[in-house]
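**Q** this one's sequence-less:
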């Protein structure tokens, strides 16, 4: 900070006893100048993009090298399909047995439909 | 080192040499690729799509990994397993960025990604593609059977409800 500015800002009580020291400080400091860094260089513009891409690549790698070989080795789909087919057959069988009874709702509905269309019209007299 | 943004290739003519120059084993190793066939005749486009597909299957390469290969064409996407697009706007925006200078940390991250890209590239493409296809097909069957089972179960419950009064 500029010496004159420091003296101006600080209250006289604060700099009491330091006047000589402040005055004796050389104008040019020994610190190296900060290197000029362009805005683009320090903006991490692509960092998030590259991190997301790294995550994507890692997931793809795990899928191809771990998950897919495991799935091929321990297939669950075929057992599931077998169980589902067995259950569907069981329900269909039950549905048929219920619907095939003489007094079933299915037969009743069918007879209603057929009677409606094919029965001779009842004589109103 | 370049960032993984879209690289667009356009065959200048309908000669196979032009296509041959574009296709090489590491074309989608470091960045996604778009092959634009829009300047070719409709029938030639169909032929080129077939050739590109054959190239990938004969070399046991995957056109989806590490980075996808898109084909810009007038044909419907259903004619091929390759991802076909009609307009450049249809491309995923994730890889649509302007090239720029990377800082040290970004360059370091990119070089780390290179290892992952190479690992993915080295996997058996045919085997993984078949496993993925099989997985999808099986699950479509499971979904259809489950839908049928639920319908039948609902029907059964309704009939039993009416029967019991």
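**A** Structure's in. What do you need? None of the values given here were measured: they were computed from a predicted structure.
**Q** Using the three-state scheme, assign residue B:71.
**A** With DSSP: H, G, I helix; E, B strand; the rest coil as the basis, residue B:71 sits in strand.
**Q** show me what contacts it?
**A** Residues near residue B:71 by Cβ atoms under 8 Å, 6 or more residues apart in numbering or on different chains: B:34, B:35, B:37, B:49, B:52, B:80, B:82, B:83, B:84, B:85. For every residue, glycine as well, the C-beta is placed using N, CA and C.
**Q** Helix, strand, or coil at the closest residue in space to residue B:131 that isn't next to it in sequence?
**A** Nearest residue to residue B:131 in three dimensions, chain neighbours excluded: residue A:68, at 4.3 Å (Cβ to Cβ, 6 or more residues apart in numbering or on different chains). Three-state call for residue A:68 (three-state DSSP): helix.
**Q** can you pull the contacts of residue A:68?
**A** Counting by Cβ under 8 Å, 6+ apart, residue A:68 makes contact with B:127, B:128, B:131, B:132, B:135.
**Q** Could you list the low-pLDDT ranges of chain B?
**A** Chain B contains residues with pLDDT under 70 at B:1.
**Q** about what we covered before: any quick PyMOL command for the buried ones out of the contacts of residue B:71?
**A** For the buried members of the contacts of residue B:71, the matching PyMOL selection, counting by 16 or more other Cβ atoms under 10 Å in any protein chain shown, is:
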select buried, chain B and resi 34+35+37+49+52+80+82+83+84+85
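**Q** give me the subset of the contacts of residue B:71 touching chain A.
**A** By Cβ under 8 Å from any Cβ of the partner chain, no member of the contacts of residue B:71 lies near chain A.
**Q** By neighbours, which of the contacts of residue A:68 wins?
**A** Among those, the one with the most neighbours (other Cβ atoms under 10 Å in any protein chain shown) is residue B:128, at 22 neighbours.
**Q** And residue A:47, how close does it get to chain B?
**A** From residue A:47 across to chain B, the span is 5 Å (Cβ to the nearest Cβ, to the nearest Å).
**Q** Now that residue: closest residue in space that isn't a chain neighbour?
**A** Of all residues not flanking residue A:47 in the chain, residue B:106 sits nearest, at 5.4 Å (Cβ to Cβ, 6+ apart).
**Q** likewise residue B:41?
**A** In space, residue B:41 is closest to residue B:14, 6.9 Å off (Cβ to Cβ, 6+ apart).
**Q** my read is the one you found is in a helix, agree?
**A** No: using three-state DSSP, the assignment for residue B:14 is coil, not a helix.
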